[in-house]
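Q: Have a look at this fold, sequence not included:
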């Protein structure tokens, strides 16, 4: 029997003045408390955790991608069943940096997975490590339906879009739509992307229709380097190889 895997991509606003503290928290989990976070993540049902810090005009955000054997709300709620110091430390830290009690059901991220694509095979780069990114774009007012229909169309025309993804160097793409109910609010497109290339290179290869789509729905011009997501990789873990070391993280060129 194959266990179902749930995927979640979402963002959490960081309180003003808490960005450095956020960095220190994830650095601590990656190093001094690496064994504890590994055990904790497994106990709450997670198998992958990817965390970026993203700087937006509206403020700084944690953007996270999680794979788990339960939905994200259930995974978060399991924190209350863990009576370990690390569980309490994580809950306190999120309250401090984001004023966010993720264990409460009503605070679960309001997200919907609307699209998924994966390359059927990899070509010519055997052994090269994939780079994984999670980032968000705010959607313009009234553009949610256009965003939704675009990816619904892609889902039904996978053969057509596959060539475009390969030309961009995309190996996997998952799109989420998040209704951010906390400060500053609004609808966000949250994208999980895998590639052998850095994100700047992937976006530089975007065809004109893709660039126009993002310009129309988010106001972001992918042709302008200032429009690219401003990201810092904070944490990457999976249940097969553990935490990606800080040396490996430095190889991620956004």
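A: Yep, that arrived. Everything numeric here is computed off the predicted structure, so don't read it as measured data.
Q: going forward, measure contacts and count neighbours with C-alpha atoms only.
A: OK.
Q: Contacts only, for residue 211.
A: Shown in contact with residue 211 (Cα atoms under 8 Å, 6 or more residues apart in numbering): 221, 222, 223.
Q: could you dump these to a markdown table with secondary structure?
A: Converted to a markdown table, those look like this (DSSP: H, G, I helix; E, B strand; the rest coil):
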| residue | secondary structure |
| --- | --- |
| 221 | coil |
| 222 | coil |
| 223 | coil |
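Q: hey, where'd the helices end up in the stretch 101-250 of the chain?
A: 144-156, 158-168, 199-204, 208-218, 246-249 (DSSP state H, counting those that start in this stretch).
Q: so which of those is the most packed in?
A: Highest mean neighbour count of those: helix 199-204, a mean of 18 (counted as mean count of other Cα atoms under 10 Å).
Q: And for that one, what's in contact with it?
A: 133, 168, 169, 170, 195, 222, 223, 225, 228, 253, 254.
Q: Buried among these? Make that a PyMOL selection.
A: Applying 16 or more other Cα atoms under 10 Å to those leaves a buried subset, and the PyMOL line that selects it is:
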select buried, resi 133+168+169+170+195+222+223+228+254
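Q: Output the contacts of residue 211 in JSON lines, with distance to residue 94 appended to each entry.
A: Formatted as JSON lines, the contacts of residue 211 follow (distance: Cα to Cα, whole Å):
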{"residue": "221", "distance to residue 94": "32"}
{"residue": "222", "distance to residue 94": "32"}
{"residue": "223", "distance to residue 94": "35"}
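Q: which one of the residues you listed sits closest to residue 79?
A: Minimum distance to residue 79 across the contacts of residue 211 is 38.6 Å, recorded for residue 222 (Cα to Cα).
Q: ok, residue 87 - contacts?
A: By Cα under 8 Å, 6+ apart, residue 87 lies in contact with 40, 79, 80.
Q: I'd like the residues you listed laid out as JSON lines, including pLDDT, distance to residue 88 and neighbour count.
A: Formatted as JSON lines, the contacts of residue 87 follow (pLDDT from 0 to 100; distance: Cα to Cα, whole Å; neighbours: other Cα atoms under 10 Å):
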{"residue": "40", "pLDDT": "94", "distance to residue 88": "11", "neighbour count": "20"}
{"residue": "79", "pLDDT": "87", "distance to residue 88": "8", "neighbour count": "21"}
{"residue": "80", "pLDDT": "85", "distance to residue 88": "9", "neighbour count": "15"}
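Q: Which of those sits closest to residue 58?
A: So of the contacts of residue 87, ranked by how close each gets to residue 58 (Cα to Cα), first place is residue 79, at 29.5 Å.
Q: wait, doesn't that closest one sit right on residue 42?
A: No - look at residue 79 against residue 42 with Cα atoms under 8 Å: they stay out of range, at 11.3 Å.
Q: Kindly state the beta-bridge partners for the nearest residue to residue 115 once chain neighbours are set aside.
A: Leaving aside its chain neighbours, residue 115 sits nearest to residue 175 (5.0 Å; criterion: Cα to Cα, 6 or more residues apart in numbering). Judged by DSSP bridges, the bridge partners of residue 175 are residue 115, residue 191.
Q: pLDDT at residue 175, what is it?
A: With respect to pLDDT, residue 175 scores 96.
Q: Equivalent analysis for residue 253, please.
A: pLDDT for residue 253: 49.
Q: and what of residue 2?
A: 48.
Q: Could you export the helices of the stretch 101-250 of the chain as TSV, including distance to residue 12?
A: Shown next, in TSV, are the helices of the stretch 101-250 of the chain (distance: least, Cα to Cα, whole Å):
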stretch	distance to residue 12
helix 144-156	20
helix 158-168	28
helix 199-204	21
helix 208-218	19
helix 246-249	22
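Q: and this protein, what are its domains?
A: By the record's domain assignment, the chain is partitioned as 6-109+235-249, 111-231 (automatic domain parsing).
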